[in-house]
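Participant: need coordinates for the below:
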Amino acid sequence: MHDDAHGWRPAPVPDRGAGVSFVIPVLNERDYLEHAVRSVLAQDLDAPIEVILALGPSSDGTDAVARRLADEEPRIRLVRNPAAHIPVGLNIAIRAARYPTIVRVDAHSELEPGYTRAALDTLARVQAANVGGVMRAEGRSAFQRAVARAYNSRIGLGGGAYHGGTTEGPAESAYLGVMRRSVLDEVGLFDEGIRRGEDWELNLRIRRAGYRVWFDPDLHVTYWPRDSWSRLVRQFRATGSWRGELVRRFGRRNGLRFFAPPALVVATAASLVVGAAQLLGAAPGRAGILLSIVHAPVAAYAALIAVVAAGRGGGRGLRDRLWTLAVLPSMHLSWGVGFLQGAARGARGTVDTSRLERNTPLP
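Facilitator: Alright, predicted model coming up:
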């Protein structure tokens with residue numbers, strides 16, 4: 001039933017002692033998995049919990065880490081995800097879950113001790129079906145710190161609420177998410193045909209079913225981004241491609257911010273073509289001068305990136321600022337190229353290979 005006064009359906013609120021299932025899809029996460037799992041086991045909760053690891057076909061020794069953790073802690077359960085894809089692994093783990101609240105955790109993330117307790121309080125208070133908070137990216141190397149600064153910046157990832165929002169309220173999606181299992185069962189879990197952006201699409205169905213998706217800025221999750229340039233570019237190209245696919249499917253339901261990177265790619269391509277024509281003398285005189293206006297968007301973008309890199313958002317030293325100059329365009333252009341490919345021909349068959357040792361397709 002819809003809440004007639006508010007226009008939304010209240011999600012069921014199970015008893016606080018009913019238990020919580022944490023689900024984690026895992027592929028080649030040897031260096032991060034234990035930190036993620038330890039942060040889950042350290043949650044301040046007066047309820048039973050379980051941690052379900054959906055293991056993809058890792059090649060870096062991740063499975064040995066997972067088995068050791070499961071041997072040490074009976075609340076950890078292992079399930080297999082031979083397809084390797086994130087939404088498939090999430091669904092396998094959710095179907096194996098025992099408890100009425102599902103907490104999605106990324107193997108590259110770490111939860112603060114009070115995260116789940118606070119999320120449960122918010123879910124009950126606003127009767128939402130899903131609640132998420134702020135992704136707080138951090139880095140270990142100079143490169144990863146530059147990527148983290150880009151993630152935490154409005155310039156880097158376009159200003160979505162979970163990248164630094166401060167106002168609580170209804171949201172179009174939720175980072176990771178603390179979700180009611182009954183609602184997931186009702187709307188059909190994750191769409192296994194969507195390889196990236198699966199959370200946005202799931203939350204679209206949750207909202208279409210009349211339930212609330214909620215953003216709570218007091219919830220924070222530490223996220224460790226990709227630690228090399230090639231992995232970052234592969235991740236963002238795949239993510240952009242799937243956003244292009246989602247635009248093909250859902251059109252105007254996608255926010256305008258998603259169209260900025262492909263616009264940058266188009267502007268850059270146009271500027272390169274005009275610049276080449278000018279250098280070769282193919283656009284002489286007044287025509288060449290008029291065509292120079294094509295360079296304005298790219299020049300403005302370059303100036304913006306330079307200002308960001310030179311300012312507080314660029315880091316502390318010269319090395320940090322140079323990495324910022326490299327990381328921001330790499331993210332925007334690779335995402336934009338992927339978006340144009342996905343919008344033009346669809347993203348089916350596009351996979352995120354950034355978690356693999358080399359650029360090879362998943363099984």
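
Participant: how about the strands in the stretch 51-200 of the chain?
Facilitator: 76-80, 101-104, 109-111, 130-137, 169-170, 178-180 (DSSP state E, counting those that start in this stretch).

Participant: what's in contact with the last one?
Facilitator: Okay, so that is strand 178-180. Identification of contacts with strand 178-180 by Cβ atoms under 8 Å, 6 or more residues apart in numbering yields 11-12, 14, 100-104, 116, 119-120, 123, 129-132. Yep, even glycine has a C-beta here, placed from its N, CA and C like the rest.

Participant: which residues touch the closest residue in space to residue 333 that isn't next to it in sequence?
Facilitator: Residue nearest to residue 333 in three dimensions, not counting chain neighbours: residue 265, with 6.0 Å by Cβ to Cβ, 6 or more residues apart in numbering. Residues near residue 265 by Cβ under 8 Å, 6+ apart: 333, 336, 337, 339, 340.

Participant: of those, which is the most crowded?
Facilitator: Counting neighbours by other Cβ atoms under 10 Å, the top entry in the contacts of residue 265 is residue 339, with 29 neighbours.

Participant: go ahead and confirm that residue touches residue 237.
Facilitator: No. Look at residue 339 against residue 237 with Cβ atoms under 8 Å: they stay out of range, at 9.1 Å.

Participant: quick one, phi psi at residue 58?
Facilitator: Per-residue torsions, residue 58: phi -70, psi 150 (degrees, to the nearest 10).

Participant: now do the same contact list for the residue lying closest to it once chain neighbours are set aside.
Facilitator: Nearest non-adjacent residue to residue 58, counting by Cβ to Cβ, 6+ apart: residue 28, 4.8 Å away. By Cβ under 8 Å, 6+ apart, the residues touching residue 28 are 56, 58, 59, 60, 62, 355, 356, 357.

Participant: in ChimeraX, how would I select the buried members of the residues you listed?
Facilitator: Per 16 or more other Cβ atoms under 10 Å, the buried members of the contacts of residue 28 correspond to this ChimeraX selection:
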select :56,58,62,355,356
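
Participant: wait, which of the contacts of residue 28 is closest to residue 210?
Facilitator: Taking Cβ to Cβ as the measure, residue 210 lies nearest residue 56 of the contacts of residue 28, at 34.0 Å.

Participant: check what pLDDT the closest one gets.
Facilitator: If you check residue 56, the pLDDT there is 94.

Participant: cool, and the one 5 residues further on?
Facilitator: pLDDT, the model's per-residue confidence, is 93 for residue 61.

Participant: for the nearest residue to it once chain neighbours are set aside, what are its contacts?
Facilitator: For residue 61, ignoring the flanking residues on the chain, the nearest one in space by Cβ to Cβ, 6+ apart is residue 30 at 4.9 Å. Contacts for residue 30 (Cβ under 8 Å, 6+ apart) come out as 58, 60, 61, 62, 65.

Participant: at 10 Å what do you get?
Facilitator: 58, 59, 60, 61, 62, 63, 64, 65, 66, 107 (Cβ atoms under 10 Å, 6 or more residues apart in numbering).

Participant: does it count as helix, strand or coil?
Facilitator: coil (DSSP: H, G, I helix; E, B strand; the rest coil).

Participant: re earlier: quick check, nearest of the contacts of strand 178-180 to residue 284?
Facilitator: residue 132 (55.9 Å).

Participant: what is the burial count for the nearest residue to that closest one once chain neighbours are set aside?
Facilitator: Distance criterion Cβ to Cβ, 6+ apart; nearest residue to residue 132, sequence neighbours excluded, is residue 174 at 2.8 Å. Applying other Cβ under 10 Å, we find 28 other residues in the vicinity of residue 174.

Participant: how about the one 5 residues further on?
Facilitator: Counted with other Cβ under 10 Å, the neighbours of residue 179 add up to 29.

Participant: how about residue 142?
Facilitator: 13.

Participant: what's the closest of the strands of the stretch 51-200 of the chain to residue 193?
Facilitator: Closest to residue 193 of the strands of the stretch 51-200 of the chain, according to Cβ to Cβ: strand 101-104, at 18.6 Å.

Participant: which neighbouring elements make contact with that closest one?
Facilitator: strand 20-26, strand 49-55, helix 86-96, helix 115-126, strand 130-137, strand 178-180, helix 181-187 (3 or more Cβ pairs under 10 Å, 6 or more residues apart in numbering; DSSP states H and E).

Participant: which one of those lies nearest to residue 347?
Facilitator: helix 86-96 (13.2 Å).

Participant: which strands and helices lie in contact with the closest one?
Facilitator: strand 20-26, strand 49-55, strand 76-80, strand 101-104, helix 181-187, helix 198-208.

Participant: fine by me, thanks again.
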